[in-house]
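In: curious how this folds, go ahead:
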Amino acid sequence: MQSNIQQLREEFKSKVSRLNDYLWGAGLKDPVTRIQQISFLFFLKMLEEQDIAMEKEEKLTGHEHKSIFEGKTEKFRWSRWREKTGENLYKFVRDEVFPFIDELHNGHTNIRQIFHGAKLLIPDEVTLKRTVEIIDTIEFSSLDTDIKGDLYESLLASIESAGELGQFLTPRHIVRAIVEMVNPKIGETIFDPACGSAGFLITVYEWLKYKNSDKKNIEDRDGRNIGYGDKLNKEQWDFLTTKTFHGYDVDPEMTRLALMNLVLHGIEGAHVRRKDTVAGAEDEEDLRRFNVILTNPPFAGKVDKERIKPTLPVKSNKTQVLFLGYVINSLKPNGRAGIILPEGSLFGTNKDDKEIRRYLLENTKLEAVVSMPAGVFQPYAGVKTSFLIFKKKSAPKLDDKEKVWFFDMKGDGSSLSAAKKFGPRYQNDIPKLLELWNKNQAIEKPYSWFTNVADVVENDYILSANTYSPYNGEEEVNHRDPKEILKEIEGSEKKLESSLADIKKLL
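Out: Numbers count the residues shown, from 1 in each chain. As a prediction, this is how the structure comes out:
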């Protein structure tokens, strides 16, 4: 069974790679455009497969199913139009199939959102026909949601490795560490206000299924523990797939990718929308509160102060300052958050940097500051970053007696260079981070320590780990055996005595 699954994965990867190369050669040089066009056609084929599966289920269970392909819409089945050729195929897909999906009803809200305003950008009839032929050989119904999701992630990762989408894709090993530390639970609402391709949301989905699976049903997949959520009841499953996940992204094309990624992972009811999180007009959603927020907001963006949302606590033209304020405000009391920030915002001396750090310590219990090495985000950026883990207080109060746990990560298991490589030869402090965190934030030299909030306040609210490390200036020294050193000294003394004796004879 395992070898069969592996074979399906490899076949799928091979076909996706061929499609990617083929469309690149046909003139679609932009990676986002390529992945979108491939994904649109994936979904058109999967819609019919899903419809057929639901028709079979209706016969077995008696649950009524209203097909989206009947009467006048029968012609939109993949199996009906895939045989068309040349200009007939091209015009039909461009002028009829895409508009049909855009206007689709029958409960497929996220499918409609994926196709809203979508256009066929494959350049010509020959390229479209060849692309359809390759996709027609993929039986999506033979792949479970975990495999389809994994493979879609691999497609995103292949573009990431080409250095073309780095600003959107947070390294998944870092995402998994943050998710484990925040520890979302079933029944909680999860929100990412800068969701990109939905990496945080999907990692939480995997985490919740793993935490609610029988041990015998957990498998190791590429170093990750994957479970199927077999301990969840029907109500919990419904909440997980339709009410748990929420996300915003300012880029409409990334919103599309996120929805595709979520649906392929089996999360058809995620609430993801195109939205400028920190600027522009406010609406009711800006007042919504969540149990858990996980995010990697944009670092380099600038926002005109006139456009900043009025309820944000600190007005700044730096996006990371605005996002941190938005995250704090969007948490429910006792809600938890994990957020990645550039190191500069943790020690910046200008007014808005200091003010947002003060606001953070007043309104949350800052549980951890994890300093990551420069190079974690290579090959796209060498900027040094940290991530914060905190819990929202029920009422604002600065408590000088609180302590902040710091962890200094020197390596993440990668080369930390533009030529990004992973392997056992590279230092990896993430297992130690999770080990100490799960031991109630244990202290271990040279990794971790506690710092009093009072000291942070006195120090302009600086939260850079290097400022408070008790191990600064210390170096690991391999001390020699004292007996060996003593013998060396005795030997030197004998040589000196012999030399003095020789000198005396000469005199």
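
In: buried set for stretch 364-382?
Out: For stretch 364-382, burial by neighbour count (16 or more other C-beta atoms under 10 Å) applies to 364-373, 375-378, 380-381. For glycine as for every other residue, the C-beta is placed from the backbone atoms N, C-alpha and C.

In: now do stretch 115-125
Out: Counting neighbours by 16+ other C-beta under 10 Å, the buried set in stretch 115-125 is 115, 118, 120, 122, 125.

In: which residue, neighbours along the chain excluded, lies closest to the third one?
Out: Of all residues beyond its chain neighbours, the one nearest Leu120 is Arg94 (4.2 Å), with distances taken as C-beta to C-beta, 6 or more residues apart in numbering.

In: tell me the predicted confidence for the one you found.
Out: pLDDT, Arg94: 94.

In: circling back to that earlier point, nearest to Lys302 among the buried residues of stretch 364-382?
Out: Ala381 (16.5 Å; C-beta to C-beta).

In: quick one, what contacts Ile178?
Out: By C-beta atoms under 8 Å, 6 or more residues apart in numbering, the contact set of Ile178 is 200, 294, 338, 340, 387, 389.

In: need the contact partners of the helix or strand hosting the fifth one.
Out: Secondary structure from DSSP states H and E places Phe387 in strand 385-392. Residues from elsewhere that reach strand 385-392, judged by C-beta under 8 Å, 6+ apart: 174, 178, 181-182, 328, 331-343, 346, 360, 363-372, 376-377, 463-465.

In: next SSE downstream of that strand?
Out: The helix or strand immediately downstream of strand 385-392 is strand 403-408, counting by DSSP H and E.

In: state the pLDDT value of the spatially most central residue of the chain.
Out: For the chain, the residue sitting closest to the mean C-alpha position, by C-alpha atoms, centre = their mean, is Gly199 at 3.3 Å. With respect to pLDDT, Gly199 scores 89.

In: would you confirm that it contacts Val175?
Out: Yes. Here Gly199 reaches Val175: they are 5.3 Å apart, a contact under C-beta atoms under 8 Å.

In: closest one to Lys15 out of the buried residues of stretch 115-125, please.
Out: Distances from Lys15 to the buried residues of stretch 115-125, taken by C-beta to C-beta, are shortest for Ile122, at 16.3 Å.

In: which element is the closest residue to Ile111 other than its chain neighbours on?
Out: Closest residue in space to Ile111, ignoring its immediate chain neighbours: Leu104 at 6.1 Å, by C-beta to C-beta, 6+ apart. Leu104 belongs to no helix or strand when elements are defined using DSSP H and E.

In: picking that back up, kindly indicate which of the buried residues of stretch 115-125 lies nearest Lys439.
Out: Of the buried residues of stretch 115-125, the one sitting nearest to Lys439 (C-beta to C-beta) turns out to be Phe115, at 48.5 Å.

In: against Glu139, how distant is the residue lying closest to the closest one once chain neighbours are set aside?
Out: Nearest in space to Phe115, with sequence neighbours left out and distances taken as C-beta to C-beta, 6+ apart, is Ile101 at 4.2 Å. Distance of Ile101 to Glu139, given as C-beta to C-beta, to the nearest Å: 21 Å.

In: and the closest residue to Cys195 other than its chain neighbours, its phi and psi?
Out: Nearest non-adjacent residue to Cys195, counting by C-beta to C-beta, 6+ apart: Gly247, 3.3 Å away. Here is the backbone geometry of Gly247 (degrees, to the nearest 10): phi -160, psi 150.

In: any idea which helix or strand comes after the strand or helix carrying Ile101?
Out: Ile101 is part of helix 98-102 when elements are defined by DSSP H and E. Once the chain leaves helix 98-102, the next helix or strand it forms, by DSSP H and E, is helix 109-115.

In: what does that next one rub up against?
Out: Counting by C-beta under 8 Å, 6+ apart, 39-40, 43, 47, 98, 101-105, 255-256, 259-260, 262-263, 268-270, 272-273 sit against helix 109-115.

In: any of those buried? List them.
Out: When the contacts of helix 109-115 are checked for burial by 16+ other C-beta under 10 Å, the buried set is 39-40, 43, 47, 98, 101, 104, 255-256, 259-260, 262-263, 268-270, 272.

In: just the ones in helices from those, please.
Out: Here DSSP state H is the test, and the buried ones among the contacts of helix 109-115 give 39-40, 43, 47, 98, 101, 255-256, 259-260, 262-263 as lying in helices.

In: turn those into a markdown table, including distance to Ser417 and pLDDT.
Out: As requested, these are exported to a markdown table (distance: C-beta to C-beta, whole Å; pLDDT from 0 to 100):
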| residue | distance to Ser417 | pLDDT |
| --- | --- | --- |
| Ser39 | 32 | 84 |
| Phe40 | 36 | 88 |
| Phe43 | 37 | 83 |
| Leu47 | 43 | 80 |
| Phe98 | 43 | 90 |
| Ile101 | 43 | 83 |
| Thr255 | 32 | 88 |
| Arg256 | 32 | 86 |
| Leu259 | 34 | 89 |
| Met260 | 31 | 83 |
| Leu262 | 32 | 86 |
| Val263 | 35 | 81 |
